[in-house]
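**Student:** Sharing a sequence plus its predicted fold:
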There are 2 protein chains.
Amino acid sequence: MVEQRNGDQRPPTIYDVARAAGVAVSTVSRAFSRPGRVNAETAARIRKIASDMGYRTNPLARALLTGRTSVIALAIADITNPYYFGIIRGAQAAAIDAGYTMLLANAQESDRLEREALDRSIGMVDGIVLTSTRMSDSAIRKMARLRPLIVLNRVVVGLPCVVTDHRHGMREAVAHLTELGHTSMTYVAGPEAAWADSVRWQALREIAAERGLKVHRIGPHPPTVAGGVTAVEQFRTQPAGAVIAYNDMVALGFLQGLAALGAKVPADVSVIGFDNIFGTELVTPGLTTVASPLQTLGATAVRQLVATIGGAPPQTGDPVMLPTRLVIRGSTGPFRRRRTAAAFRSGSTAGG
Amino acid sequence: MVEQRNGDQRPPTIYDVARAAGVAVSTVSRAFSRPGRVNAETAARIRKIASDMGYRTNPLARALLTGRTSVIALAIADITNPYYFGIIRGAQAAAIDAGYTMLLANAQESDRLEREALDRSIGMVDGIVLTSTRMSDSAIRKMARLRPLIVLNRVVVGLPCVVTDHRHGMREAVAHLTELGHTSMTYVAGPEAAWADSVRWQALREIAAERGLKVHRIGPHPPTVAGGVTAVEQFRTQPAGAVIAYNDMVALGFLQGLAALGAKVPADVSVIGFDNIFGTELVTPGLTTVASPLQTLGATAVRQLVATIGGAPPQTGDPVMLPTRLVIRGSTGPFRRRRTAAAFRSGSTAGG
DNA sequence: GTGAAAGCGCTAACAG
DNA sequence: CTGTTAGCGCTTTCAC
């Protein structure tokens, strides 16, 4: 009703620019989005005026009309976990490349919180990347019906997924230990709900069967440094010369626990982790680990999502599988039966 | 022109719900936003129908009208840096508490990228938290005119700021070293552009003057592990018994560099970092550090921003200053002049 | 307690 | 090449 636009504080609209330039709003709009279809001079003049006025197109209005916000959501199981840093970074870079902005939805390790966060943001985003989601398959499928969606670190049949080739990684890890003379190894399990844990453990069992190795599983343990520390208690009752941990956090904790016990790494026990997160190269000895392609994981997921948003058919077939790389540091060494046995002799806390 | 709404795939709108319920759209709208002003039965019926249809209000349309998106942007200098994990986490939690969603803008350590990311998202957010921004004061002020804004880890006069009390933290660090008998210390500087670096160094100089201590500054060095490693080269030409590093990343790298040289920590050199990031407790020896209240920093900034968005007057007076806490681990110990001298005797690479 | 109607700022037809 | 116009889906007066 009130005709006085641009009253005072509120930002200038396209109408204000049009009026100032003496052209129609559509011309202003075109001057920005399709410069080719406007007289070059006019376009330049409009742009000058617009920038002088401090005009910026209102992305909300545009999105309401076009249905595109150029924002994608990245759901993360736990922002605190260094594992996700690489993923976030890769995703962010790919998003920027494609002209998208990233909305971060932290699940805080909770199914409910993840759902709520996504529920809030789903209306504002063009697509979703679910990372190590805690949601059920059916909940994921429901979301996928609302928006293009891609699943990271989990396989959901019928949806586009990007995963790491844990099986191959485990094969490399075992080969490395075998070369060092180890024939018996303990797997320190992570959370049972974790997709990666079941894949890794199953792969280890199969490989052990193939090669005639002895494997033993302890856990489950929380996928944290603390979880690794406590795992040592369980381990010492039935020690082995080599330990493969669910992930680096657990491995790092395990290393700490061993040190507290006075056990030497790798002389008494060899330890391997998974992922190659920040910190694994800083501890002493450095942690040997099966590196996940973290940044590539994030970037691949985003790129595929952006393609889907752009109209490409979603890759609902086999999941995209990214390769691992074994990073050998100081925490693995030759098997020495006597040292191992001595280190964990009941009651002993003495080391080298 | 086409009357066929709800044609096929597109989500139901408020009109669809209104039609299905046989009421006016305004009634549907009220049923959600002001349940009190609608007949209770009717409201319940409408909500039932809406949920059955899978209706969800379009946040874009709402935002276009109300001018509120319930999204805030968090600009981060470098997502890769573990320093920011705690801040992100605290910010995220506070945002959720207040009913906001967080948009992450990664600056990738670049003034330009930061500006671009913010430019893209500024239209979609109700407010902005700038963390360790690389932008100039004037650029920051310009942004602040567009949206409520809060500056983290830097003081910009006239804008609301949240910072850590580095001065006090440095005082604690020096007190700790002094108690251990150190009277001479080296400061390993971070990037010159970093606000925290200048504050920390200046504080150290003042404190040293007060107490009659000898301080020496080397650098600047990149605020990374690699930066710390290379700093050792410079340090060994003029060693001291105690080192205060710009931050934990540098300190961690410094520790590595010392180990490579065969120097013992803390017997030959004591090392202190700043921030207490992930990893400082995992290295051997653990890093003594001046802990920053990372989560509190993020949460405080967001809470203040949300208050401002809600109409509270922005706190443009003195910056909010949050306290540090000295975390003593194994990297600091008593001063031993001879050990230090011996460890860095020119050409020597042998340790204790 | 409910309905009708006017836009929020923008873009995409459709005419000229 | 440019102008006119009809909405995108929602909330908010203003009537009844």
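**Tutor:** The structure has been received and is ready for your questions. Numbers count the residues shown, from 1 in each chain, chains lettered A, B, ... in the order given.
**Student:** Need the contact partners of the one helix or strand residue A:162 maps to.
**Tutor:** If you go by DSSP states H and E, residue A:162 is part of strand A:161-164. By CB atoms under 8 Å, 6 or more residues apart in numbering or on different chains, the list of residues contacting strand A:161-164 from outside reads A:150-155, A:196, A:292-293, A:297, A:300-301, A:304, A:319-322, A:324. In this view, the C-beta of every residue, glycine as well, is placed from N, C-alpha and C.
**Student:** Next: stretch A:218-227.
**Tutor:** Applying CB under 8 Å, 6+ apart, the contact partners of stretch A:218-227 are A:81, A:186-192, A:194, A:197, A:228, A:230-231, A:234-235, A:238, A:246-247, A:249-250, A:252-253, A:256, B:282.
**Student:** Name the strands paired with the strand holding residue A:162 and say parallel or antiparallel.
**Tutor:** strand A:149-152 (parallel), strand A:320-322 (parallel) (DSSP bridges).
**Student:** What residues sit buried inside the shortest one?
**Tutor:** Going by neighbour count (16 or more other CB atoms under 10 Å in any protein chain shown), the buried part of strand A:320-322 is residue A:320.
**Student:** and residue A:112, how far is that from residue A:312?
**Tutor:** 33 Å (CB to CB, to the nearest Å).
**Student:** Local confidence estimate at residue A:111?
**Tutor:** For residue A:111, the pLDDT comes out at 87.
**Student:** Mean pLDDT and distance to DNA strand C added to the strands paired with strand A:161-164, as CSV?
**Tutor:** Compiled in CSV, the strands paired with strand A:161-164 are given as follows (pLDDT from 0 to 100; distance: least, CB to the nearest atom of the strand, whole Å):
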stretch, mean pLDDT, distance to DNA strand C
strand A:149-152, 97, 24
strand A:320-322, 97, 31
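**Student:** wait, which of those is closest to residue A:165?
**Tutor:** When the strands paired with strand A:161-164 are compared for distance to residue A:165 using CB to CB, the nearest one is strand A:320-322, at 4.8 Å.
**Student:** Please list the residues outside whichever helix or strand comes after the closest one that contact it.
**Tutor:** Sequence-wise, the next helix or strand downstream of strand A:320-322 (DSSP H and E) is strand A:325-327. Outside strand A:325-327, the residues that touch it by CB under 8 Å, 6+ apart are A:169, A:172, A:173, A:176, A:276, A:280, A:288, A:289, A:290, A:291, A:293.
**Student:** List just the nearest of these to DNA strand D.
**Tutor:** Nearest to DNA strand D among the contacts of strand A:325-327, counting by CB to the nearest atom of the strand, is residue A:293 at 39.4 Å.
**Student:** ok, that closest one to residue B:15 distance?
**Tutor:** Going from residue A:293 to residue B:15 by CB to CB gives 47 Å.
**Student:** got it, and residue A:74?
**Tutor:** Counting by CB to CB, the gap from residue A:74 to residue B:15 is 32 Å.
**Student:** more crowded one of the two?
**Tutor:** Set residue A:74 next to residue B:15 and count neighbours by other CB atoms under 10 Å in any protein chain shown: residue A:74 wins out with 26 against 12.
**Student:** just to revisit the earlier point, how far does the strand holding residue A:162 sit from its chain's centre?
**Tutor:** 10 Å (CA atoms, centre = their mean, to the nearest Å).
**Student:** Stretch A:33-53 too?
**Tutor:** 42 Å.
**Student:** what about that stretch and chain B, touching?
**Tutor:** No. Figure legend: stretch A:33-53 not in contact with chain B (CB under 8 Å from any CB of the partner chain); closest approach 12.4 Å.
**Student:** which residues are contacting that stretch?
**Tutor:** Here stretch A:33-53 has contacts from A:12, A:16, A:17, A:20, A:21, A:23, A:27, A:28, A:30, A:31, A:32, using CB under 8 Å, 6+ apart.
**Student:** pull the CA atoms of it into CSV?
**Tutor:** Extracted C-alpha coordinates of stretch A:33-53, given in CSV (Å, rounded to 0.1, in the frame of the first residue of the first chain):
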residue,chain,number,x,y,z
SER,A,33,22.1,-12.8,-15.4
ARG,A,34,22.3,-12.6,-19.2
PRO,A,35,24.6,-9.7,-20.1
GLY,A,36,24.6,-10.9,-23.7
ARG,A,37,20.9,-10.0,-24.2
VAL,A,38,21.3,-6.5,-23.2
ASN,A,39,22.8,-3.5,-25.0
ALA,A,40,26.4,-3.6,-23.7
GLU,A,41,26.4,0.1,-22.8
THR,A,42,23.1,-0.1,-21.0
ALA,A,43,24.2,-3.2,-19.1
ALA,A,44,27.4,-1.4,-18.0
ARG,A,45,25.5,1.7,-16.9
ILE,A,46,23.0,-0.4,-15.0
ARG,A,47,25.7,-2.3,-13.3
LYS,A,48,27.5,0.9,-12.3
ILE,A,49,24.4,2.4,-10.9
ALA,A,50,23.5,-0.8,-9.0
SER,A,51,26.9,-1.1,-7.5
ASP,A,52,26.9,2.6,-6.5
MET,A,53,23.6,2.0,-4.8
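**Student:** Sitting in helices, which of the contacts of stretch A:218-227 do you find?
**Tutor:** A:197, A:228, A:230, A:231, A:234, A:235, A:249, A:250, A:252, A:253, A:256 (DSSP state H).
**Student:** could you redo these as JSON lines and give each row distance to residue B:263, pLDDT and neighbour count?
**Tutor:** Shown next, in JSON lines, are the ones in helices among the contacts of stretch A:218-227 (distance: CB to CB, whole Å; pLDDT from 0 to 100; neighbours: other CB atoms under 10 Å in any protein chain shown):
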{"residue": "A:197", "distance to residue B:263": "41", "pLDDT": "95", "neighbour count": "22"}
{"residue": "A:228", "distance to residue B:263": "29", "pLDDT": "98", "neighbour count": "31"}
{"residue": "A:230", "distance to residue B:263": "34", "pLDDT": "97", "neighbour count": "17"}
{"residue": "A:231", "distance to residue B:263": "33", "pLDDT": "98", "neighbour count": "26"}
{"residue": "A:234", "distance to residue B:263": "37", "pLDDT": "97", "neighbour count": "13"}
{"residue": "A:235", "distance to residue B:263": "33", "pLDDT": "97", "neighbour count": "23"}
{"residue": "A:249", "distance to residue B:263": "30", "pLDDT": "97", "neighbour count": "28"}
{"residue": "A:250", "distance to residue B:263": "31", "pLDDT": "98", "neighbour count": "30"}
{"residue": "A:252", "distance to residue B:263": "24", "pLDDT": "98", "neighbour count": "29"}
{"residue": "A:253", "distance to residue B:263": "28", "pLDDT": "98", "neighbour count": "26"}
{"residue": "A:256", "distance to residue B:263": "23", "pLDDT": "97", "neighbour count": "20"}
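**Student:** what's the closest of those residues to DNA strand D?
**Tutor:** Using CB to the nearest atom of the strand, these come closest to DNA strand D at residue A:197, 40.9 Å.
**Student:** My guess is that closest one contacts residue A:188. True?
**Tutor:** No. Using CB atoms under 8 Å, residue A:197 makes no contact with residue A:188, being 10.1 Å away.
**Student:** all strands for the stretch 51-200 of chain A, in order.
**Tutor:** Counting by DSSP state E, counting those that start in this stretch, one finds strands in the stretch 51-200 of chain A at the ranges A:71-76, A:101-106, A:127-131, A:149-152, A:161-164, A:184-188.
**Student:** Could you tell me the least trusted of these?
**Tutor:** Within the strands of the stretch 51-200 of chain A, confidence is poorest for strand A:101-106, with a mean of 90 (mean pLDDT).
**Student:** what about the residue in the stretch 151-300 of chain A positioned nearest to chain B, neighbour count?
**Tutor:** At 4.1 Å from chain B, residue A:279 is the closest residue in the stretch 151-300 of chain A, using CB to the nearest CB. Residue A:279 has 22 neighbouring residues, counting by other CB under 10 Å.
**Student:** can you pull the contacts of it?
**Tutor:** By CB under 8 Å, 6+ apart, the contact set of residue A:279 is A:82, A:248, A:252, B:278, B:279, B:282.
**Student:** residues from the stretch 51-200 of chain A in reach of DNA strand D?
**Tutor:** Contact residues, the stretch 51-200 of chain A versus DNA strand D (CB under 7 Å from any atom of the strand): A:61, A:64, A:65.
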